[in-house]
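[1] Mind looking at a prediction? Sequence and model below.
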Amino acid sequence: MVGREARFALKMSNAYAERGVAPGNIKKQLRDVSRMLARPTLPANVRQVQERKLAHLQMLLQERQNIDKTAKMVKR
């Protein structure tokens with residue numbers, strides 16, 4: 001059973017890698033992480049992980065926006 005789930009997860013990750021990540025999904029994740037970081041009782045280790053995730057998501061969003069902008073310019 002585990003092998004089947006692992007193959008499915010790999011298949012899905014490859015599909016997302018080929019298509020890229022939708023900007024709306026990145027924005028949603030950014031909002032979720034920001035809300036989590038706003039909690040005053042968040043443990044330090046969780047806060048550190050979430051701050052790294054926030055920085056990574058911001059970078060992904062910027063890259064995705066640049067790709068979309070370039071694609072739009074090429075179409076013209």
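    Arrived safely, thanks for sending.

[2] count of residues packed around the nearest residue to residue 54 once chain neighbours are set aside?
    Spatial nearest neighbour of residue 54, chain neighbours left out: residue 33 (4.8 Å); criterion: C-beta to C-beta, 6 or more residues apart in numbering. All C-beta atoms are positioned from the backbone trio N, CA, C, and that covers glycine. By other C-beta atoms under 10 Å, the residues close to residue 33 number 20.

[3] Now do the helix or strand harbouring residue 33: everything it contacts.
    Using DSSP states H and E, the element containing residue 33 is helix 23-37. For helix 23-37, contacts defined as C-beta atoms under 8 Å, 6 or more residues apart in numbering pick out 42, 46-47, 50-51, 53-54, 57-58, 60-61, 64-65, 68.

[4] does residue 42 count as helix, strand or coil?
    Residue 42 carries the three-state label coil when classified by DSSP: H, G, I helix; E, B strand; the rest coil.

[5] List the residues that contact it.
    Residue 42 makes contact with 36, 50, according to C-beta under 8 Å, 6+ apart.

[6] got it, and residue 53?
    29, 33.

[7] Which strand or helix spans it?
    Under the criterion of DSSP H and E, residue 53 resides in helix 44-75.

[8] Determine how far that helix lies from the middle of the whole chain.
    Here helix 44-75 shows a centroid-to-chain-centroid distance of 7 Å under the convention C-alpha atoms, centre = their mean, to the nearest Å.

[9] now stretch 64-76
    On C-alpha atoms, centre = their mean, the centre of stretch 64-76 falls 20 Å from the chain's centre.

[10] now the chain, which segments are flagged as low pLDDT?
    Scanning the chain for pLDDT under 70 picks out 1-21, 23.

[11] now with 50?
    1, 13-15, 17-18 (pLDDT under 50).

[12] ok, residue 22 to residue 60 distance?
    Using C-beta to C-beta, to the nearest Å, residue 22 is found at 11 Å from residue 60.

[13] Look at the two and report which has more neighbours.
    residue 60 (17 against 11).

[14] do you know how far the closest residue to the more buried one other than its chain neighbours is from residue 40?
    Using C-beta to C-beta, 6+ apart and skipping the chain neighbours, the partner closest in space to residue 60 is residue 26 (5.5 Å). Residue 26 sits 26 Å away from residue 40, going by C-beta to C-beta.
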